[in-house]
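Asker: generate a structure from the sequence data that follows.
(one chain, ligands or ions: 1)
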Amino acid sequence: MDEALTDRELTDREWAHVERALVLARRGWGRVHPNPMVGCVIVRDGRVVGEGWHREWGGPHAEVMALADAGAAARGATAFVSLEPCRHTGKTGACTHALMEAGVARVVFGAADPGEASGGGARVLREAGVEVTGPVLSSGEARRENPPFFHTDETRPWTALKLALSLDGGIAAAPGQRTSVSGPEVDRRVQELRAGFDAIMVGARTARVDDPRLTVRGPIPPRVPPRRVVVDGRGTLGPGARLLAEEGGAVQFVTTAAAEAGWKRKMEAAGAQVLTVEGADGQVDLPGALQALRSGGVGALLCEGGGVLGSALLSEGLVDRLYLAVAPRFLGPDAVPAFPRVSGPGGEADWEMAAEPERVGADLWLTLDREG
Ligand SMILES: NC(=O)c1ccc[n+]([C@@H]2O[C@H](COP(=O)([O-])OP(=O)(O)OC[C@H]3O[C@@H](n4cnc5c(N)ncnc54)[C@H](OP(=O)(O)O)[C@@H]3O)[C@@H](O)[C@H]2O)c1
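Answerer: Numbers count the residues shown, from 1 in each chain. Prediction:
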């Protein structure tokens, strides 16, 4: 898949346009999923004459938006697109067609489109006499930009684990204690993050201690509110839990045969769905749980802790991305650990930076992808 390496001969100027297309693409976060985020820049005689991005699921694609922005200036221009232009007529017309109609002379694209129906746009353009350069991103770079779109494993969703931790690796000051580890800026970032996922998941103890709502309350209204999932193998949460009272995505409890039938009925009566999967001693079989979520339409899953659930997912090799907010403080020896028992083959994986480390308020925001 790394045919991109042969096509990397771009000037610095051209790379800057590709990067700008990637920046524009990211504006679609939370609004276009499960479609990919795509951005496009139209350049004529070294000058940017049009920009666009895929703003809404089902809405015009990035190329169409950028062409509209460029108008007549698109004739003879170069289009820099973060993803290979699609060649099929779906909810909107084929982008290959739009580019040719507008008289674009050259297309530089970032990632190859793996889609059976949409892929192959580069060939169509070449056959029509348009000069095409791409893919200029490696498959790893492409995946990093649109991970759920490139996730082909049908046995589970693309899964991210997000935790806010102290310098000494704590996520709460003491067991049973709700603690604001990171600052308000990180809270806002998390709200934005949630908008791009199909489901938000927490462990039973986090649900018991923090009583979270798990709704999206940030600046990005999600196209579909993410489902709220609690891994509660023994059936411990009560119908008074806040997430049941609060309007938002569907609430789902993943449990095992260890939970009482009466509990299931009670939770269903309170509006929740109860999903019973395999398990031992009241602990949910996590691959089975993720498979069930995937079959139920969850393509991208965000686990927000706690440490025990996150570590179990990591140990089983079920986490693709880590979002870590590191707060500049110590929580001390009584703290609840972020990674209490990561072991096994999953624990031996290496992680690489998927984005530049970023200062968010007083905290450090890290985005890491599992290697390989
Ligand atoms: N700073 C942060 O980012 C952050 C995020 C989340 C939570 N927290 C804090 O962390 C604390 C709770 O975290 P925690 O690590 O103690 O617990 P946790 O990960 O939230 O929950 C673990 C519990 O989930 C249930 N579970 C069922 N099947 C499981 C499986 N296969 N693997 C793992 N767990 C399974 C079990 O419930 P049972 O106990 O019923 O058997 C288990 O004890 C709270 O104090 C909370 O405030 C902090």
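Asker: can you show me the helices along the stretch 101-250 of the chain?
Answerer: With helices called from DSSP state H, counting those that start in this stretch, the stretch 101-250 of the chain shows them at 121-127, 139-145, 147-150, 184-194, 204-210, 242-245.
Asker: can you tell me which of the ones you listed is nearest to residue 13?
Answerer: helix 139-145 (19.2 Å; CB to CB). (Glycine included, C-beta is placed from N, CA and C.)
Asker: who in the protein is up against the ligand?
Answerer: 163-164, 171-172, 177-178, 181, 202-206, 209-210, 231, 233-234, 236, 282-284, 286, 304-309, 312, 336 (CB under 6 Å from any ligand atom).
Asker: residue in the stretch 151-300 of the chain with the shortest distance to the ligand?
Answerer: Per CB to the nearest ligand atom, residue 203 is where the stretch 151-300 of the chain lies closest to the ligand, at 2.4 Å.
Asker: how near is that residue to residue 343?
Answerer: Residue 203 sits 17 Å away from residue 343, going by CB to CB, to the nearest Å.
Asker: in terms of neighbours, single out the busier of the two.
Answerer: residue 203 (24 against 11; other CB atoms under 10 Å).
Asker: how many other residues sit next to the closest residue to the more buried one other than its chain neighbours?
Answerer: Spatial nearest neighbour of residue 203, excluding adjacent residues (CB to CB, 6 or more residues apart in numbering): residue 309 at 3.4 Å. Look at residue 309: counted by other CB under 10 Å, it has 22 neighbours.
Asker: so who does the nearest residue to residue 371 once chain neighbours are set aside touch?
Answerer: The shortest distance from residue 371 to any residue other than its chain neighbours is 4.4 Å, reached at residue 350 (CB to CB, 6+ apart). Contacts for residue 350 (CB atoms under 8 Å, 6 or more residues apart in numbering) come out as 370, 371, 372.
Asker: so where's the longest helix in the chain?
Answerer: Longest helix in the chain, counting residues (DSSP state H): helix 12-25.
Asker: in that helix, what's buried?
Answerer: 14, 17, 18, 20, 21, 22, 24, 25 (16 or more other CB atoms under 10 Å).
Asker: and the residues of the chain next to the ligand, which of them are buried?
Answerer: Buried members of the residues of the chain next to the ligand, scored by 16+ other CB under 10 Å, are 163-164, 171-172, 181, 202-206, 209-210, 231, 233-234, 236, 282, 284, 286, 304-309, 312, 336.
Asker: quick check: buried residues in stretch 43-53?
Answerer: Residues of stretch 43-53 classed as buried: 43, 44, 48, 49, 50, 51, 52, 53 (neighbour count, 16+ other CB under 10 Å).
Asker: again with stretch 358-372
Answerer: Under 16+ other CB under 10 Å, the buried positions of stretch 358-372 are 360, 361, 363, 364, 365, 366, 367, 368, 369, 370.
Asker: for these, which one is nearest the ligand?
Answerer: Nearest to the ligand among the buried residues of stretch 358-372, with distances taken as CB to the nearest ligand atom, is residue 363, at 11.1 Å.
Asker: where does this protein dip in pLDDT?
Answerer: Residue ranges of the chain with pLDDT under 70: 1-8, 91.
Asker: kindly report the domain assignment for it.
Answerer: 2-149, 154-370 (automatic domain parsing).
Asker: within the helices and strands, which one has the residue nearest to residue 203?
Answerer: helix 307-315 (DSSP states H and E).
Asker: just checking, what packs against that helix?
Answerer: If you count contacts as 3 or more CB pairs under 8 Å, 6 or more residues apart in numbering; DSSP states H and E, helix 307-315 packs onto strand 158-165, strand 199-203, strand 300-303, helix 344-347.
Asker: give the pairing partners of the helix or strand following it; include direction for each.
Answerer: The C-terminal neighbour of helix 307-315 among helices and strands, as given by DSSP H and E, is strand 321-326. Partners of strand 321-326 in the sheet, by DSSP bridges, are strand 158-165 (parallel), strand 363-370 (antiparallel).
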